[in-house]
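Visitor: Provided below are the primary sequence and the corresponding predicted coordinates.
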Amino acid sequence: QVQLVESGGGLVQAGGSLRLSCAASGRTFSGYAMGWFRQAPGKEREFVVCIHWSGGGTRYADSVKGRFTISRDNAKNTLYLQMNNLKPEDTAVYYCAASRRPGVGLPREVDSYGYWGQGTQVTVSS
């Protein structure tokens, strides 16, 4: 059974930092693009960042550029998201995801991803 399990969410003050992790099991995702999405109450799920299967390319939403950093450790089948200088508008449930197929580039569309974690809550207080 394929599973993506996020961890590392929590409550933090504005300007603080959090590091999210996403551990994959059931299959290896070393050949797949992986990404982070978020969903705030009453809003649609939105793209945050993705990383090429090789780890050699990344794509960020403008709202997080310069503050968030994605990385992956294919040997550990784990994805990370370092979030610095957090803002109240970053409050959301954060989901990690793996692309539907291996070898794709840097997709930002929700439909391009076929594997999803259960989400982890990030709350940033002002």
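Guide: Received the coordinates, thanks.

Visitor: In contact with the most far-flung residue of the chain relative to its centre, which residues?
Guide: Distance to the chain centre peaks in the chain at residue 126, reaching 22.8 Å (criterion: C-alpha atoms, centre = their mean). Counting by C-beta atoms under 8 Å, 6 or more residues apart in numbering, residue 126 touches 14, 88. All C-beta atoms are positioned from the backbone trio N, CA, C, and that covers glycine.

Visitor: repeat for residue 1
Guide: Residue 1 makes contact with residue 26, according to C-beta under 8 Å, 6+ apart.

Visitor: Can you pull the poorly scored residue ranges out of the chain?
Guide: Scanning the chain with the threshold set as pLDDT under 70 gives no residue ranges.

Visitor: Which residue, other than its chain neighbours, is closest to the one residue sitting closest to the centre of it?
Guide: Nearest residue to the geometric centre of the chain (C-alpha atoms, centre = their mean): residue 36, 2.0 Å. Nearest residue to residue 36 in three dimensions, chain neighbours excluded: residue 48, at 4.4 Å (C-beta to C-beta, 6 or more residues apart in numbering).

Visitor: Give me the contacts around the host helix or strand of the one you found.
Guide: Per DSSP states H and E, residue 48 falls inside strand 46-51. With contact meaning C-beta under 8 Å, 6+ apart, strand 46-51 is reached by 33-39, 57-61, 64, 68, 70-72, 79, 81, 94, 106-110.
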